[in-house]
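**Student:** here is a sequence together with a model predicted from it:
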Amino acid sequence: QVQLVESGGGLVQTGGSLRLSCAVSGHTGSNYVMGWFRQAPGKEREFVAAISRSGGLTDYLDSVKGRFTASRDNGKNAIYLQMSILKPEDTAVYYCAASSGYLSRRSDQYAYWGQGTQVTVSS
């Protein structure tokens, strides 16, 4: 059973930066494609970023391209989401997720989910 634990969320001003981390346990992280999703109040969960098993391929939501960077350290069984130039519309609970399939934006392709970490961007 894969367990995912996010950390690094918090309150930041517009234009600031945060780095989210996701610790993977219970299985070798490099066996999984990893994704980041977010859910704002009253909205559906949406895809933010995904990273391949090796870290060589990434995919991003258009609105975060150039501002967010997904990375992973398979030696530490961890993935990261570096978020810069944050905007109030980035406010959401951010989740990491693991998939045994291919790089995907679909949440139903991810079998394992963390509990989420809150990111709040003040204007």
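**Tutor:** Thanks, I have the structure now.

**Student:** need the pLDDT of the residue nearest the centre of the chain.
**Tutor:** Residue closest to the average C-alpha location in the chain (C-alpha atoms, centre = their mean): W36, at 2.5 Å. At W36, the pLDDT value in this model is 98.

**Student:** please apply the same query to S84.
**Tutor:** On pLDDT, S84 comes in at 98.

**Student:** just give the closest residue to it, not the sequence neighbours.
**Tutor:** S17 (4.6 Å; C-beta to C-beta, 6 or more residues apart in numbering). Where you see a C-beta, it was placed from the backbone N, CA and C, and this is true even at glycine.

**Student:** any regions of the chain where pLDDT drops low?
**Tutor:** Counting by pLDDT under 70, the chain has no low-confidence residues at all.

**Student:** go again with 80.
**Tutor:** Within the chain, the segments meeting pLDDT under 80 span 27-29.

**Student:** surely the residue nearest to S84 touches Q82?
**Tutor:** Yes - the pair formed by S17 and Q82 meets the contact definition of C-beta atoms under 8 Å, at 7.3 Å.

**Student:** looking at those two, which is more packed in?
**Tutor:** Shown here are S17 and Q82; by other C-beta atoms under 10 Å, Q82 has more neighbours (14 against 11).

**Student:** got a list of contacts for the host helix or strand of that one?
**Tutor:** Here Q82, judged by DSSP states H and E, is contained in strand 78-83. Here strand 78-83 makes contact (C-beta atoms under 8 Å, 6 or more residues apart in numbering) with 17-24, 29, 34, 36, 48-49, 51, 64, 67-73, 90, 94, 96, 119.

**Student:** direction included, what does that strand pair up with?
**Tutor:** Each strand paired with strand 78-83, and its direction, by DSSP bridges: strand 18-25 (antiparallel), strand 68-73 (antiparallel).

**Student:** out of those strands, which comes closest to W113?
**Tutor:** Shortest distance between W113 and the strands paired with strand 78-83, using C-beta to C-beta, is found for strand 18-25: 10.2 Å.

**Student:** next, the residue nearest to S123 when sequence neighbours are not counted: phi, psi?
**Tutor:** Spatially, and ignoring its direct neighbours in sequence, S123 is nearest to P88 (4.7 Å; C-beta to C-beta, 6+ apart). For P88, the backbone dihedrals (degrees, to the nearest 10) come out as phi -60, psi -30.
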